[in-house]
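S.K.: Output the structure for:
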Amino acid sequence: MTQSQIARAGSSTGAGSRFWRNKKAYVGILPFLVLTGLFLIWPTINVVYGAFFTEEGKFSLDYIINTIQKEAHWIPFLNTLKISFWTSIVGGLIGALFAWAISTGKPDGIGRRFVLAAGGVLAQFGGVMLAFAFFATFGFNGFVTTFALKFSETSFLASPDWLYGLFGLGVVYTFFQIPLMFIVFLPAVENLKPQWSEASQSLGGTSKDYWLRIGFPVLFPSFLGGILLLFVNAFSAYATAAALISQGTIITPLDIGSALSSEVGGASAPLAKTLSLYMVTVVVIVMALYSLLRKRVSKWENTK
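M.R.: Numbers count the residues shown, from 1 in each chain. Here you go, the predicted structure:
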């Protein structure tokens with residue numbers, strides 16, 4: 001076979017251009033790779049590297065050790081874990097109930113479309129906007145506070161002090177945790193096969209038997225995965241807490257912000273990176289567990 005025949009055979013089968021087709025497939029993901037490298041990989045490397053070096057560039061474990069020993073740093077870290085845990089549990093339970101309630105309605109109903117749209121908006125309604133909404137509602141001049149003062153000055157709502165502490169921050173966090181869980185958990189509820197319920201009934205099982213032996217065991221990995229996702233969402237939140245609590249470092253994200261921009265001469269980039277390293281470690285562990293759960297869930301979600 002001559003060289004020209006080989007070339008024609010290669011072009012006819014696509015072997016000659018297969019190499020370039022494979023290369024072109026990667027062009028579309030270049031922007032994603034660039035953004036991931038600039039805003040995820042590089043900051044993570046910078047945090048890990050900077051936590052083990054002083055401001056003079058010398059290797060040291062002082063920040064790693066001292067951060068654990070100082071009460072001013074590990075108490076906010078524990079507070080961050082607590083608020084992330086409780087808001088993920090409360091938000092996860094309420095959001096899961098909403099998802100189940102919506103799944104029982106008409107697939108093309110107006111109410112369903114409205115709730116889905118509202119859930120998508122409220123899940124992203126955080127930061128300064130959410131803090132301002134709670135200020136206007138429960139703050140010192142909020143309409144609920146003003147209304148409560150007219151009837152009972154000793155009532156819980158008459159004093160807005162609860163809003164500016166750990167409890168108030170948890171209430172605010174739960175506000176965007178619920179719709180996020182609703183969005184995450186709804187596909188899992190909708191993937192429950194009607195045939196499973198029919199098979200349970202044909203074998204003499206009741207509705208209780210179906211949920212205890214089929215529904216809950218199947219949905220539990222998805223529910224637990226949603227809880228883990230909500231935990232990370234609250235654990236890494238900063239803007240809402242910074243807008244709500246202008247002074248004090250009751251959680252680690254605020255502690256990091258204070259270490260980077262202290263107005264009293266206490267700014268320390270290595271300290272901020274050390275605190276960030278502890279947070280990154282927790283997030284990596286939680287997301288690894290979430291990935292394992294997703295692999296398990298995908299086995300039955302992909303069944304026909």
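S.K.: which residues does the nearest residue to residue 61 once chain neighbours are set aside contact?
M.R.: In this structure, residue 61 finds its nearest non-sequential neighbour in residue 52, 6.9 Å apart by C-beta to C-beta, 6 or more residues apart in numbering. All C-beta atoms are positioned from the backbone trio N, CA, C, and that covers glycine. The contact partners of residue 52, taken as C-beta atoms under 8 Å, 6 or more residues apart in numbering, are 59-61, 63-64.
S.K.: Name the nearest of the residues you listed relative to residue 261.
M.R.: The closest of the contacts of residue 52 to residue 261 turns out to be residue 63 (C-beta to C-beta; 17.8 Å).
S.K.: can I assume that closest one sits in a helix?
M.R.: Yes: the assignment for residue 63 by DSSP: H, G, I helix; E, B strand; the rest coil puts it in a helix.
S.K.: and it, how many neighbours?
M.R.: 22 (other C-beta atoms under 10 Å).
S.K.: The residue nearest to it when sequence neighbours are not counted: neighbour count?
M.R.: Distance criterion C-beta to C-beta, 6+ apart; nearest residue to residue 63, sequence neighbours excluded, is residue 274 at 4.2 Å. Residues lying near residue 274 (other C-beta under 10 Å) number 26.
S.K.: same thing with the one 4 residues further on?
M.R.: When neighbours are counted by other C-beta under 10 Å, residue 278 registers 19.
S.K.: Without its sequence neighbours, what residue ends up closest to it?
M.R.: residue 77 (6.5 Å).
S.K.: Now for that neighbour, which secondary structure element holds it?
M.R.: helix 71-103 (DSSP states H and E).
S.K.: and the following helix or strand past that helix, C-alpha only, in PDB?
M.R.: Counting by DSSP H and E, the next helix or strand C-terminal to helix 71-103 is helix 110-123. In PDB, the C-alpha atoms belonging to helix 110-123 read as follows (Å, rounded to 0.1, in the frame of the first residue of the first chain):
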ATOM      1  CA  ILE A 110     -48.300  26.400  39.500                       C
ATOM      2  CA  GLY A 111     -47.600  25.900  43.200                       C
ATOM      3  CA  ARG A 112     -44.700  23.600  42.400                       C
ATOM      4  CA  ARG A 113     -43.200  25.900  39.900                       C
ATOM      5  CA  PHE A 114     -43.500  28.800  42.300                       C
ATOM      6  CA  VAL A 115     -41.900  26.900  45.200                       C
ATOM      7  CA  LEU A 116     -39.000  25.700  43.000                       C
ATOM      8  CA  ALA A 117     -38.300  29.300  41.800                       C
ATOM      9  CA  ALA A 118     -38.600  30.700  45.300                       C
ATOM     10  CA  GLY A 119     -36.300  27.900  46.600                       C
ATOM     11  CA  GLY A 120     -33.600  28.700  44.100                       C
ATOM     12  CA  VAL A 121     -33.700  32.400  44.900                       C
ATOM     13  CA  LEU A 122     -33.800  32.000  48.700                       C
ATOM     14  CA  ALA A 123     -30.900  29.500  48.700                       C
END
